[in-house]
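Enquirer: the sequence isn't on hand, but the structure is:
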Ligand SMILES: NC(=O)c1ccc[n+]([C@@H]2O[C@H](COP(=O)([O-])OP(=O)(O)OC[C@H]3O[C@@H](n4cnc5c(N)ncnc54)[C@H](OP(=O)(O)O)[C@@H]3O)[C@@H](O)[C@H]2O)c1
(Lines give C-alpha, C1' and ligand atoms only; values in the text may rest on other atoms or scores of the structure.)
Protein backbone atom coordinates (compact mmCIF):
# COMPACT_ATOMS: atom_id res chain seq x y z
CA UNK A 1 0.00 0.00 0.00
CA UNK A 2 1.82 3.15 -1.11
CA UNK A 3 -1.17 5.41 -1.57
CA UNK A 4 -3.58 6.97 0.90
CA UNK A 5 -7.17 6.18 -0.10
CA UNK A 6 -9.51 8.95 1.04
CA UNK A 7 -13.27 9.52 1.06
CA UNK A 8 -14.13 13.15 0.33
CA UNK A 9 -17.23 15.34 0.40
CA UNK A 10 -18.20 16.00 -3.25
CA UNK A 11 -21.49 17.85 -2.68
CA UNK A 12 -23.06 19.42 0.38
CA UNK A 13 -25.85 17.26 1.77
CA UNK A 14 -29.41 18.59 1.98
CA UNK A 15 -31.93 15.99 3.13
CA UNK A 16 -30.90 12.36 3.03
CA UNK A 17 -27.24 11.63 2.29
CA UNK A 18 -26.53 9.31 -0.65
CA UNK A 19 -23.26 7.71 -1.78
CA UNK A 20 -23.18 10.26 -4.65
CA UNK A 21 -22.44 13.02 -2.15
CA UNK A 22 -19.04 11.44 -1.55
CA UNK A 23 -15.89 11.13 -3.66
CA UNK A 24 -12.85 8.90 -3.64
CA UNK A 25 -9.26 10.01 -4.22
CA UNK A 26 -5.82 8.57 -3.76
CA UNK A 27 -2.97 10.73 -2.56
CA UNK A 28 0.55 10.17 -1.24
CA UNK A 29 0.89 8.88 2.30
CA UNK A 30 1.46 11.97 4.48
CA UNK A 31 4.66 12.53 6.47
CA UNK A 32 4.33 13.46 10.15
CA UNK A 33 5.96 16.76 11.12
CA UNK A 34 7.70 17.57 14.37
CA UNK A 35 5.71 16.32 17.38
CA UNK A 36 3.27 14.51 15.07
CA UNK A 37 2.52 10.85 14.52
CA UNK A 38 1.37 8.86 11.50
CA UNK A 39 -1.59 6.57 12.13
CA UNK A 40 -2.74 3.63 10.06
CA UNK A 41 -6.51 3.83 10.56
CA UNK A 42 -8.16 0.49 11.35
CA UNK A 43 -11.78 1.39 12.18
CA UNK A 44 -13.99 4.38 11.40
CA UNK A 45 -16.82 5.11 13.79
CA UNK A 46 -19.95 5.92 11.77
CA UNK A 47 -21.89 8.52 13.72
CA UNK A 48 -24.97 10.65 13.04
CA UNK A 49 -22.96 13.69 14.18
CA UNK A 50 -20.95 13.46 10.94
CA UNK A 51 -24.19 14.30 9.06
CA UNK A 52 -24.09 17.76 10.66
CA UNK A 53 -20.65 18.47 9.20
CA UNK A 54 -21.69 17.68 5.61
CA UNK A 55 -24.02 20.68 5.07
CA UNK A 56 -21.48 23.46 4.79
CA UNK A 57 -22.74 25.08 8.03
CA UNK A 58 -20.91 25.20 11.35
CA UNK A 59 -22.52 23.49 14.31
CA UNK A 60 -20.30 22.60 17.25
CA UNK A 61 -17.46 21.68 14.84
CA UNK A 62 -16.37 23.31 11.61
CA UNK A 63 -18.12 22.00 8.48
CA UNK A 64 -16.14 19.69 6.21
CA UNK A 65 -15.17 21.75 3.13
CA UNK A 66 -16.10 20.61 -0.38
CA UNK A 67 -13.50 18.11 -1.61
CA UNK A 68 -12.21 17.85 1.95
CA UNK A 69 -11.72 14.40 3.46
CA UNK A 70 -14.63 13.33 5.67
CA UNK A 71 -13.85 13.69 9.36
CA UNK A 72 -14.75 11.10 11.98
CA UNK A 73 -13.49 9.28 15.07
CA UNK A 74 -11.12 6.41 14.29
CA UNK A 75 -9.06 3.77 15.98
CA UNK A 76 -5.65 3.16 14.43
CA UNK A 77 -2.07 2.12 15.04
CA UNK A 78 0.98 4.35 15.17
CA UNK A 79 3.33 3.48 12.31
CA UNK A 80 5.72 6.44 12.61
CA UNK A 81 6.16 8.81 15.52
CA UNK A 82 7.92 12.14 15.94
CA UNK A 83 6.59 12.44 19.48
CA UNK A 84 8.75 10.57 22.01
CA UNK A 85 5.66 9.77 24.12
CA UNK A 86 4.24 7.48 21.39
CA UNK A 87 5.78 4.46 19.74
CA UNK A 88 5.16 2.36 16.67
CA UNK A 89 2.37 -0.09 17.46
CA UNK A 90 0.55 2.12 19.99
CA UNK A 91 -3.21 2.16 19.48
CA UNK A 92 -4.79 5.60 19.27
CA UNK A 93 -8.39 6.83 19.30
CA UNK A 94 -8.69 10.22 17.64
CA UNK A 95 -10.84 12.48 15.49
CA UNK A 96 -9.13 11.62 12.20
CA UNK A 97 -10.46 11.30 8.67
CA UNK A 98 -11.90 8.60 6.39
CA UNK A 99 -8.55 7.56 4.94
CA UNK A 100 -5.94 4.84 5.32
CA UNK A 101 -3.34 7.07 6.95
CA UNK A 102 -3.79 10.18 9.08
CA UNK A 103 -1.34 12.51 10.73
CA UNK A 104 -2.35 13.62 14.20
CA UNK A 105 -0.84 14.79 17.46
CA UNK A 106 -1.63 14.85 21.13
CA UNK A 107 -3.37 18.20 20.44
CA UNK A 108 -5.90 16.58 18.06
CA UNK A 109 -9.58 16.43 19.05
CA UNK A 110 -10.45 13.35 21.17
CA UNK A 111 -6.82 12.10 21.06
CA UNK A 112 -6.42 9.18 23.44
CA UNK A 113 -3.82 6.43 23.71
CA UNK A 114 -5.67 3.19 24.32
CA UNK A 115 -4.55 0.26 26.43
CA UNK A 116 -6.37 -2.51 24.62
CA UNK A 117 -7.20 -5.45 26.83
CA UNK A 118 -6.28 -8.97 25.75
CA UNK A 119 -9.21 -10.56 23.93
CA UNK A 120 -11.13 -7.31 23.44
CA UNK A 121 -11.64 -6.54 19.73
CA UNK A 122 -10.14 -3.18 18.78
CA UNK A 123 -13.43 -2.31 17.07
CA UNK A 124 -15.05 -2.05 20.54
CA UNK A 125 -13.02 1.13 21.08
CA UNK A 126 -15.15 3.02 18.53
CA UNK A 127 -18.37 1.58 19.97
CA UNK A 128 -19.22 0.16 23.38
CA UNK A 129 -15.84 1.15 24.89
CA UNK A 130 -15.60 4.28 22.72
CA UNK A 131 -17.90 7.21 22.06
CA UNK A 132 -21.17 5.23 22.03
CA UNK A 133 -20.76 3.42 25.34
CA UNK A 134 -19.18 6.33 27.17
CA UNK A 135 -21.85 8.75 25.89
CA UNK A 136 -24.50 6.40 27.25
CA UNK A 137 -22.69 6.05 30.59
CA UNK A 138 -21.89 9.73 31.06
CA UNK A 139 -25.38 10.82 29.95
CA UNK A 140 -27.13 8.50 32.40
CA UNK A 141 -24.86 9.32 35.36
CA UNK A 142 -23.81 12.96 34.93
CA UNK A 143 -27.01 14.30 33.35
CA UNK A 144 -29.65 11.72 34.29
CA UNK A 145 -28.35 11.13 37.86
CA UNK A 146 -29.63 7.58 37.50
CA UNK A 147 -30.75 5.68 40.63
CA UNK A 148 -31.83 2.08 41.19
CA UNK A 149 -35.56 1.50 40.95
CA UNK A 150 -36.19 4.25 38.39
CA UNK A 151 -37.96 3.85 35.07
CA UNK A 152 -35.75 4.76 32.12
CA UNK A 153 -36.88 5.18 28.50
CA UNK A 154 -34.42 5.50 25.61
CA UNK A 155 -35.05 6.19 21.91
CA UNK A 156 -33.03 4.75 18.99
CA UNK A 157 -32.79 1.92 21.51
CA UNK A 158 -31.34 -0.72 19.18
CA UNK A 159 -28.58 1.63 18.05
CA UNK A 160 -25.02 2.12 19.22
CA UNK A 161 -25.79 4.53 22.04
CA UNK A 162 -29.34 3.41 22.85
CA UNK A 163 -28.47 -0.27 23.26
CA UNK A 164 -25.80 0.71 25.77
CA UNK A 165 -28.10 3.13 27.61
CA UNK A 166 -30.68 0.40 28.13
CA UNK A 167 -28.16 -2.16 29.32
CA UNK A 168 -26.36 0.24 31.66
CA UNK A 169 -29.71 1.28 33.17
CA UNK A 170 -30.59 -2.40 33.64
CA UNK A 171 -27.24 -2.95 35.40
CA UNK A 172 -28.08 0.01 37.67
CA UNK A 173 -31.29 -1.71 38.74
CA UNK A 174 -33.73 0.29 36.64
CA UNK A 175 -36.76 -0.73 34.62
CA UNK A 176 -35.95 -0.03 30.96
CA UNK A 177 -38.16 0.63 27.94
CA UNK A 178 -36.80 1.22 24.45
CA UNK A 179 -38.37 3.08 21.54
CA UNK A 180 -37.42 1.71 18.11
CA UNK A 181 -38.50 1.83 14.47
CA UNK A 182 -39.31 -1.83 13.74
CA UNK A 183 -40.62 -5.02 15.35
CA UNK A 184 -37.30 -6.70 14.59
CA UNK A 185 -35.49 -4.07 16.66
CA UNK A 186 -38.16 -4.32 19.38
CA UNK A 187 -37.56 -8.07 19.67
CA UNK A 188 -33.80 -7.54 19.65
CA UNK A 189 -33.74 -5.09 22.57
CA UNK A 190 -35.95 -7.31 24.73
CA UNK A 191 -34.49 -10.71 23.81
CA UNK A 192 -30.80 -9.81 23.39
CA UNK A 193 -30.28 -6.69 25.51
CA UNK A 194 -32.71 -7.49 28.34
CA UNK A 195 -34.96 -4.43 28.09
CA UNK A 196 -38.24 -4.78 30.01
CA UNK A 197 -40.33 -3.50 27.14
CA UNK A 198 -40.27 -1.95 23.68
CA UNK A 199 -42.39 0.46 21.65
CA UNK A 200 -42.29 0.54 17.84
CA UNK A 201 -42.94 4.19 17.04
CA UNK A 202 -43.93 3.33 13.46
CA UNK A 203 -46.86 1.15 14.54
CA UNK A 204 -47.70 2.36 18.07
CA UNK A 205 -49.92 5.24 17.00
CA UNK A 206 -50.05 7.22 20.26
CA UNK A 207 -46.46 6.95 21.55
CA UNK A 208 -47.30 8.49 24.95
CA UNK A 209 -50.05 5.91 25.50
CA UNK A 210 -47.80 3.06 24.38
CA UNK A 211 -45.07 4.10 26.83
CA UNK A 212 -47.56 4.71 29.65
CA UNK A 213 -49.00 1.23 29.11
CA UNK A 214 -45.55 -0.15 29.99
CA UNK A 215 -44.82 2.47 32.69
CA UNK A 216 -48.18 3.46 34.24
CA UNK A 217 -46.52 5.57 36.96
CA UNK A 218 -44.52 7.57 34.44
CA UNK A 219 -40.88 7.89 33.46
CA UNK A 220 -38.02 9.13 35.65
CA UNK A 221 -35.38 9.47 32.92
CA UNK A 222 -35.91 9.83 29.19
CA UNK A 223 -32.63 9.51 27.27
CA UNK A 224 -33.42 11.29 24.02
CA UNK A 225 -31.45 10.33 20.92
CA UNK A 226 -34.01 11.49 18.37
CA UNK A 227 -35.88 14.71 19.33
CA UNK A 228 -38.97 15.52 17.20
CA UNK A 229 -42.32 13.75 17.65
CA UNK A 230 -40.89 11.17 20.07
CA UNK A 231 -39.51 13.86 22.40
CA UNK A 232 -42.84 15.67 22.11
CA UNK A 233 -44.71 12.51 23.11
CA UNK A 234 -42.29 11.70 25.96
CA UNK A 235 -42.88 15.11 27.58
CA UNK A 236 -46.38 13.79 28.37
CA UNK A 237 -45.08 10.54 29.89
CA UNK A 238 -42.65 12.01 32.43
CA UNK A 239 -43.01 11.89 36.20
CA UNK A 240 -42.93 15.17 38.15
CA UNK A 241 -39.27 16.28 38.42
CA UNK A 242 -38.23 13.76 35.78
CA UNK A 243 -35.07 14.31 33.77
CA UNK A 244 -34.66 14.37 30.00
CA UNK A 245 -31.12 13.68 28.82
CA UNK A 246 -30.81 15.41 25.44
CA UNK A 247 -28.13 13.42 23.63
CA UNK A 248 -29.11 13.84 19.97
CA UNK A 249 -31.95 14.79 17.63
CA UNK A 250 -31.49 12.49 14.66
CA UNK A 251 -35.10 12.96 13.49
CA UNK A 252 -34.12 16.52 12.49
CA UNK A 253 -30.72 15.83 10.91
CA UNK A 254 -32.02 14.96 7.41
CA UNK A 255 -34.95 17.40 7.40
CA UNK A 256 -34.87 20.11 4.79
CA UNK A 257 -37.73 22.13 6.36
CA UNK A 258 -37.72 23.62 9.85
CA UNK A 259 -36.95 21.30 12.75
CA UNK A 260 -39.88 19.22 14.03
CA UNK A 261 -42.09 21.40 16.26
CA UNK A 262 -42.14 20.60 19.99
CA UNK A 263 -45.61 21.63 21.16
CA UNK A 264 -45.64 20.11 24.65
CA UNK A 265 -42.92 22.29 26.19
CA UNK A 266 -45.31 23.56 28.87
CA UNK A 267 -44.87 20.15 30.53
CA UNK A 268 -41.34 21.23 31.48
CA UNK A 269 -42.97 23.76 33.81
CA UNK A 270 -46.04 21.76 34.84
CA UNK A 271 -44.02 18.64 35.68
CA UNK A 272 -40.92 20.56 36.83
CA UNK A 273 -38.74 18.64 34.42
CA UNK A 274 -35.04 19.08 33.82
CA UNK A 275 -33.99 18.96 30.15
CA UNK A 276 -30.26 19.05 29.71
CA UNK A 277 -28.17 18.64 26.60
CA UNK A 278 -24.60 17.43 26.67
CA UNK A 279 -21.69 16.64 24.36
CA UNK A 280 -19.34 13.87 25.37
CA UNK A 281 -16.12 15.80 24.86
CA UNK A 282 -17.08 18.22 27.66
CA UNK A 283 -17.01 15.24 30.05
CA UNK A 284 -13.66 13.89 28.87
CA UNK A 285 -12.46 13.44 32.46
CA UNK A 286 -15.34 11.02 33.14
CA UNK A 287 -14.45 8.74 30.23
CA UNK A 288 -11.74 6.53 31.82
CA UNK A 289 -14.01 5.48 34.71
CA UNK A 290 -16.87 4.87 32.30
CA UNK A 291 -14.63 2.73 30.05
CA UNK A 292 -13.37 0.71 33.02
CA UNK A 293 -16.88 -0.10 34.24
CA UNK A 294 -18.14 -0.90 30.73
CA UNK A 295 -15.15 -3.17 30.06
CA UNK A 296 -15.89 -5.06 33.29
CA UNK A 297 -19.56 -5.56 32.41
CA UNK A 298 -18.75 -6.64 28.85
CA UNK A 299 -16.05 -9.09 29.99
CA UNK A 300 -18.50 -10.59 32.50
CA UNK A 301 -21.14 -10.99 29.77
CA UNK A 302 -23.51 -8.61 31.58
CA UNK A 303 -23.62 -6.26 28.60
CA UNK A 304 -24.04 -7.62 25.09
CA UNK A 305 -22.33 -5.93 22.15
CA UNK A 306 -23.88 -5.74 18.69
CA UNK A 307 -21.82 -4.44 15.78
CA UNK A 308 -22.77 -3.65 12.20
CA UNK A 309 -19.38 -3.85 10.48
CA UNK A 310 -18.83 -2.77 6.87
CA UNK A 311 -15.54 -3.96 5.42
CA UNK A 312 -13.57 -1.77 3.02
CA UNK A 313 -12.95 1.96 2.97
CA UNK A 314 -14.72 2.39 -0.38
CA UNK A 315 -17.98 1.26 1.20
CA UNK A 316 -17.89 3.90 3.95
CA UNK A 317 -20.31 6.29 2.16
CA UNK A 318 -22.91 3.56 1.60
CA UNK A 319 -22.51 2.38 5.20
CA UNK A 320 -22.98 5.91 6.52
CA UNK A 321 -26.18 6.34 4.47
CA UNK A 322 -27.50 3.07 5.90
CA UNK A 323 -26.84 4.34 9.43
CA UNK A 324 -28.76 7.54 8.72
CA UNK A 325 -31.77 5.65 7.35
CA UNK A 326 -32.18 3.30 10.31
CA UNK A 327 -30.89 0.19 8.49
CA UNK A 328 -28.25 -0.66 11.09
CA UNK A 329 -28.51 -2.33 14.49
CA UNK A 330 -25.91 -1.90 17.20
CA UNK A 331 -22.70 -0.01 16.50
CA UNK A 332 -22.14 0.92 12.84
CA UNK A 333 -18.48 1.03 11.85
CA UNK A 334 -16.13 0.54 8.94
CA UNK A 335 -13.19 -1.81 9.06
CA UNK A 336 -10.52 -0.28 6.85
CA UNK A 337 -9.29 -3.23 4.85
CA UNK A 338 -5.81 -2.29 3.75
CA UNK A 339 -5.54 -5.16 1.30
CA UNK A 340 -8.79 -4.34 -0.49
CA UNK A 341 -8.83 -2.82 -3.98
CA UNK A 342 -10.98 0.30 -3.95
N1 LIG B 1 -24.20 14.14 22.74
C2 LIG B 1 -23.19 13.39 22.35
O3 LIG B 1 -22.04 13.59 22.76
C4 LIG B 1 -23.45 12.25 21.41
C5 LIG B 1 -22.49 11.24 21.20
C6 LIG B 1 -22.83 10.14 20.37
C7 LIG B 1 -24.08 10.12 19.76
N8 LIG B 1 -24.97 11.15 19.96
C9 LIG B 1 -26.30 11.12 19.36
O10 LIG B 1 -26.93 9.91 19.74
C11 LIG B 1 -27.89 9.55 18.76
C12 LIG B 1 -27.66 8.09 18.37
O13 LIG B 1 -26.39 7.97 17.74
P14 LIG B 1 -25.77 6.54 17.44
O15 LIG B 1 -24.39 6.74 16.96
O16 LIG B 1 -26.01 5.68 18.62
O17 LIG B 1 -26.64 6.05 16.21
P18 LIG B 1 -27.59 4.75 16.12
O19 LIG B 1 -28.61 4.86 17.21
O20 LIG B 1 -26.77 3.54 16.05
O21 LIG B 1 -28.29 4.92 14.70
C22 LIG B 1 -29.24 5.89 14.50
C23 LIG B 1 -30.67 5.36 14.75
O24 LIG B 1 -31.54 6.47 14.86
C25 LIG B 1 -32.84 6.07 14.56
N26 LIG B 1 -33.51 7.07 13.71
C27 LIG B 1 -33.13 7.51 12.49
N28 LIG B 1 -34.01 8.42 12.04
C29 LIG B 1 -34.96 8.54 12.99
C30 LIG B 1 -36.16 9.32 13.10
N31 LIG B 1 -36.55 10.17 12.14
N32 LIG B 1 -36.90 9.20 14.22
C33 LIG B 1 -36.52 8.35 15.20
N34 LIG B 1 -35.40 7.58 15.16
C35 LIG B 1 -34.64 7.69 14.05
C36 LIG B 1 -32.74 4.73 13.78
O37 LIG B 1 -33.25 3.71 14.63
P38 LIG B 1 -34.79 3.22 14.47
O39 LIG B 1 -34.82 2.27 13.31
O40 LIG B 1 -35.08 2.60 15.77
O41 LIG B 1 -35.59 4.45 14.18
C42 LIG B 1 -31.25 4.55 13.59
O43 LIG B 1 -30.86 3.20 13.61
C44 LIG B 1 -27.74 10.53 17.61
O45 LIG B 1 -28.74 11.53 17.74
C46 LIG B 1 -26.36 11.12 17.84
O47 LIG B 1 -26.23 12.40 17.28
C48 LIG B 1 -24.67 12.19 20.77
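Expert: Sure thing, it's come through. All values reported here derive from a predicted model rather than from experimental measurement. Residues are numbered from 1 along each chain as shown.
Enquirer: and stretch 154-169, how far out from the chain middle?
Expert: 10 Å (Cα atoms, centre = their mean, to the nearest Å).
Enquirer: that one and the ligand in contact?
Expert: Yes - using Cβ under 6 Å from any ligand atom, stretch 154-169 reaches the ligand at 156, 158-162. Just so you know, the C-beta spots here come from the backbone N, C-alpha and C atoms, and that holds for glycine as well.
Enquirer: let me know the closest of those to the ligand.
Expert: residue 159 (1.9 Å; Cβ to the nearest ligand atom).
Enquirer: mind listing what the lengthiest strand in the chain pairs with, with the direction of each?
Expert: Using DSSP state E to define each element, the chain has its longest strand at strand 71-81. With DSSP bridges as the test, strand 71-81 is paired with strand 37-45 (antiparallel), strand 91-97 (antiparallel).
Enquirer: so which bits of the longest one are buried?
Expert: Yep, that's strand 37-45 we're talking about. Using 16 or more other Cβ atoms under 10 Å as the test for burial, strand 37-45 gives 37-45.
Enquirer: pull the contacting residues for the residue lying closest to residue 264 once chain neighbours are set aside.
Expert: The spatial neighbour of residue 264 that comes closest, neighbours along the chain excluded (Cβ to Cβ, 6 or more residues apart in numbering), is residue 235 at 4.0 Å. Applying Cβ atoms under 8 Å, 6 or more residues apart in numbering, we find residue 235 in contact with 244, 262, 264-265, 267-268, 271, 273.
Enquirer: buried ones from those, can you make that a ChimeraX selection?
Expert: To isolate the buried members of the contacts of residue 235 in ChimeraX, using 16+ other Cβ under 10 Å:
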select :244,264,267,268,271,273
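Enquirer: the contacts of residue 235: which two are farthest apart?
Expert: Greatest spatial distance among the contacts of residue 235 (Cβ to Cβ): 262 and 271, at 14.5 Å.
Enquirer: show me which residues of the stretch 1-150 of the chain sit near the ligand.
Expert: So the stretch 1-150 of the chain meets the ligand at 47-49, 131-132, 135 (Cβ under 6 Å from any ligand atom).
Enquirer: remind me which residues of this protein are low pLDDT?
Expert: In the predicted model, the chain carries pLDDT under 70 at residues 1, 338-342.
Enquirer: residue 103 - that's part of a strand, no?
Expert: Yes - the assignment for residue 103 (DSSP: H, G, I helix; E, B strand; the rest coil) places it in a strand.
Enquirer: surely residue 27 is in a strand?
Expert: Yes - with three-state DSSP as the criterion, residue 27 is located in a strand.
Enquirer: could you list which residues are in contact with it?
Expert: Residue 27 neighbours (Cβ under 8 Å, 6+ apart): 3-4, 6.
Enquirer: return the member of those residues nearest to the ligand.
Expert: residue 6 (22.6 Å).
Enquirer: mind giving me the packing neighbours of whichever strand or helix holds that closest one?
Expert: According to DSSP states H and E, residue 6 maps onto strand 3-9. Here strand 3-9 touches strand 22-28, going by 3 or more Cβ pairs under 8 Å, 6 or more residues apart in numbering; DSSP states H and E.
Enquirer: partners of the strand it packs on in the sheet?
Expert: Here, using DSSP bridges, strand 22-28 pairs with strand 3-9 (antiparallel).
Enquirer: so which bits of the strand it pairs with are buried?
Expert: Buried residues in strand 3-9 (16+ other Cβ under 10 Å): 4-9.
Enquirer: following whichever strand or helix holds residue 221, which helix or strand comes up?
Expert: Using DSSP H and E, residue 221 sits within strand 219-224. The first helix or strand that comes after strand 219-224 along the chain, using DSSP H and E, is helix 228-234.
Enquirer: buried residues of that next one, list them for me.
Expert: 228, 230-234.
Enquirer: what's the answer for stretch 243-254, then?
Expert: Per 16+ other Cβ under 10 Å, stretch 243-254 contains these buried residues: 243-251, 253.
Enquirer: quick one, phi/psi of the residue nearest to residue 264?
Expert: phi -60, psi -30 (degrees, to the nearest 10).
Enquirer: wait, what's in contact with residue 26?
Expert: Contacts of residue 26 by Cβ under 8 Å, 6+ apart are 3-6, 342.
Enquirer: again, only this time at 6 Å
Expert: 3, 5 (Cβ atoms under 6 Å, 6 or more residues apart in numbering).
Enquirer: now it: how far from the ligand?
Expert: Per Cβ to the nearest ligand atom, to the nearest Å, residue 26 is found 29 Å from the ligand.
Enquirer: so what pairs up with that residue in the strands?
Expert: Note on residue 26: beta-bridge partners by DSSP bridges are residue 5.
Enquirer: and the nearest residue to residue 14 once chain neighbours are set aside, how far from the ligand?
Expert: In space, and not counting its chain neighbours, residue 14 is closest to residue 256: 5.6 Å by Cβ to Cβ, 6+ apart. According to Cβ to the nearest ligand atom, residue 256 and the ligand sit 13 Å apart.
Enquirer: looks to me like residue 256 is in a strand.
Expert: No - assessed with three-state DSSP, residue 256 is coil; it does not lie in a strand.
Enquirer: now, among the buried residues of strand 37-45, which is nearest to the ligand?
Expert: Nearest to the ligand among the buried residues of strand 37-45, with distances taken as Cβ to the nearest ligand atom, is residue 45, at 7.9 Å.
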